[in-house]
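K.L.:
Build me a model from this:
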Amino acid sequence: MIALILAAAGPARVLAEAPCTKGDFEAVVDEAAAALRTLNHENTPQFQAKLRQLKDKRGWSHEQFLAQAAPFVRDEAIAGFDQKSEDFLARITQGGQSQATAASLNCALLVELRGSLSALVATQKAKWTYMFDKINGELGK
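P.N.:
Okay, here's the model as predicted:
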């Protein structure tokens, strides 16, 4: 019977009603920072190597490279990914900070912050995929 009640309530509601601590909020903020560091650490060296391959393939000078490579790291789509990421990160940080001094914790907010963390990671992965697809397309020409 309890399983039916829990199933009807939905997993998000059950999690929101579960007890939480200030440490849980701090952990979400820390996890967001760690996720961004990990994604950058995994992707930046590979992406920079591809940029160097393109520089060599096109025979660009250093100055040409700086100008010609810019669209591979800055365009409207990348700016959109960055803006979404900044919004998710701000939501996570502000939500975590709001609970640091709260008299009573809002555990439903913790569920929302974890959702924002998942969305942040998905947005950053999509950004890296987009950037790699873009550079690989140029390398294939």
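K.L.:
Every contact and neighbour count from this point should use C-alpha atoms.
P.N.:
OK.
K.L.:
Distance of Leu139 relative to Gly115?
P.N.:
Leu139 is 36 Å from Gly115, where distance means CA to CA, to the nearest Å.
K.L.:
Return the set of buried residues in the helix ranked longest in the chain.
P.N.:
For the chain, the longest helix by residue count, based on DSSP state H, is helix 22-58. If you call a residue buried by 16 or more other CA atoms under 10 Å, then helix 22-58 has these buried ones: 22, 25-26, 28-29, 32, 35-36, 47, 50-51, 54-55.
K.L.:
hang on, Val121 packs against Leu36?
P.N.:
Yes. Contact criterion CA atoms under 8 Å: Val121 and Leu36 qualify, at 7.4 Å.
K.L.:
Return the list of helices and strands in contact with the helix or strand where Leu66 lies.
P.N.:
If you go by DSSP states H and E, Leu66 is part of helix 62-73. Applying 3 or more CA pairs under 8 Å, 6 or more residues apart in numbering; DSSP states H and E, we find helix 62-73 packed against helix 107-139.
K.L.:
Buried residues, the helix it packs on. List them.
P.N.:
107-114, 116-117, 119-121, 123-125, 127-128, 130-132, 135.
K.L.:
thought Ala18 was touching Cys107?
P.N.:
Yes. Here Ala18 reaches Cys107: they are 7.0 Å apart, a contact under CA under 8 Å.
K.L.:
Point out where this structure drops to low pLDDT.
P.N.:
1-17 (pLDDT under 70).
K.L.:
and with 90 instead?
P.N.:
1-19, 100-103, 141 (pLDDT under 90).
K.L.:
before we move on, back to that, okay, among the buried residues of helix 22-58, which ones form the most distant pair?
P.N.:
Taking CA to CA as the measure, the buried residues of helix 22-58 span a maximum distance of 48.9 Å, between Lys22 and Lys55.
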